[in-house]
Each structure stands twice: as structure tokens, then as C-alpha cells.
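>>> need the 3D shape of this:
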Amino acid sequence: MGVGSPSEKEGYLRYFVGIETDGNKTKNEFTYFEMPTGNYVVCTFEAEDFYLLTTDALDKAVKYMYDTCLLKNKIKTEPFMVELYSNTLTEDASMEIWFKIANN
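Predicted coordinates for the structure are as follows:
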């Protein structure tokens with residue numbers, strides 16, 4: 001998974017990369033992250049391989065969501081996004097992007 005959120009430094013993004021672990025055994029070895037509760041818009045897409053998924057397809061999906069889908073539906077989101085990857089070692093890699101809906 002990957003998590004994008006605002007950085008303390010203006011104009012920068014904080015990006016967190018993680019994987020699910022057994023929290024009891026690794027508690028002192030890793031930083032703990034829990035996805036914030038709330039409502040999310042989820043965009044699912046795939047590509048021919050992991051490289052195209054994380055470059056071309058990801059750029060197109062994010063651009064479409066922000067420039068078309070969210071605007072058209074008048075959905076405001078928080079500056080927070082979660083990426084969940086699947087099938088990364090096979091053909092037809094896929095992922096979901098979770099956009100957190102802002103509370104009005």
C-alpha cells in the first residue's frame with residue numbers, strides 16, 4: 001500500500017509505503033498506520049504490468065478522478081489518498097485508489 005498526505009513543508013507530499021504485518025510481532029520494528037475512518041471514493045484500474053500501473057495508468061487515473069469524476073459529482077476530498085496494490089508480480093497488475101471524502 002501507499003499513502004499520500006500533506007507534508008509539514010509547503011508544496012511537498014508525505015508518502016508512506018507499507019505492508020500488512022502481524023502487529024504483535026512487529027510492533028517495535030515498524031511505524032503503525034491505521035486508515036482514518038470516514039467515507040471514501042474508490043477508483044479501481046489495471047495495467048499490463050506493475051511498471052505501467054505505477055506510472056502511466058496511475059497518472060491517468062488520478063487526473064481523471066480529480067479533473068473529471070470528483071468535479072462533475074461535486075465531491076470534495078481531503079488531501080489524503082491511499083493506494084492498494086494487487087497482482088503486482090503478475091500480468092494485469094491492478095490497484096485501488098481511495099480518496100477520502102471531506103466532511104462538510
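>>> would you mark the buried spots in the longest helix seen in the chain?
Scanning the chain for the helix with the most residues, using DSSP state H, yields helix 58-64. Within helix 58-64, the residues that count as buried by 16 or more other Cβ atoms under 10 Å are 58, 61-62. Glycine gets a C-beta too; all of them are placed from N, C-alpha and C.
>>> what about the helices in the protein?
Using DSSP H, helices in the chain cover 23-26, 50-52, 58-64, 70-72.
>>> circling back: how far does the longest helix of the chain sit from the chain's center?
In terms of Cα atoms, centre = their mean, to the nearest Å, the centre of helix 58-64 is found 12 Å from the chain centre.
>>> pLDDT of that helix, averaged?
When pLDDT is averaged over helix 58-64, the result is 92.
>>> residues in contact with that helix?
Residues outside helix 58-64 that contact it (Cβ atoms under 8 Å, 6 or more residues apart in numbering): 43, 45, 81, 83, 95, 97.
>>> can you flag the buried ones in those?
Here, 16+ other Cβ under 10 Å leaves 43, 81, 83, 95, 97 buried among these.
>>> turn those residues into JSON lines, including distance to Glu34.
Listed next are the buried ones among the contacts of helix 58-64 as JSON lines, based on distance: Cβ to Cβ, whole Å:
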{"residue": "Cys43", "distance to Glu34": "22"}
{"residue": "Met81", "distance to Glu34": "16"}
{"residue": "Glu83", "distance to Glu34": "16"}
{"residue": "Met95", "distance to Glu34": "20"}
{"residue": "Ile97", "distance to Glu34": "18"}
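>>> among the residues you listed, which pair sits farthest apart?
Of all pairs drawn from the buried ones among the contacts of helix 58-64, the greatest distance, 11.6 Å, lies between Met81 and Met95 (Cβ to Cβ).
>>> helices and strands of this structure: which one bottoms out on pLDDT?
Using mean pLDDT, DSSP states H and E, helix 23-26 stands out as the lowest-scoring helix or strand of the chain, at a mean of 64.
>>> distance-wise, check Met86 relative to Thr54.
Check again: residue 86 is Ser, not Met. Look at Ser86 and Thr54: by Cβ to Cβ, to the nearest Å, they are 13 Å apart.
>>> more neighbours: which of these two?
Counted by other Cβ atoms under 10 Å, Ser86 and Thr54 do not tie: Thr54 has more neighbours, with 17 against 12.
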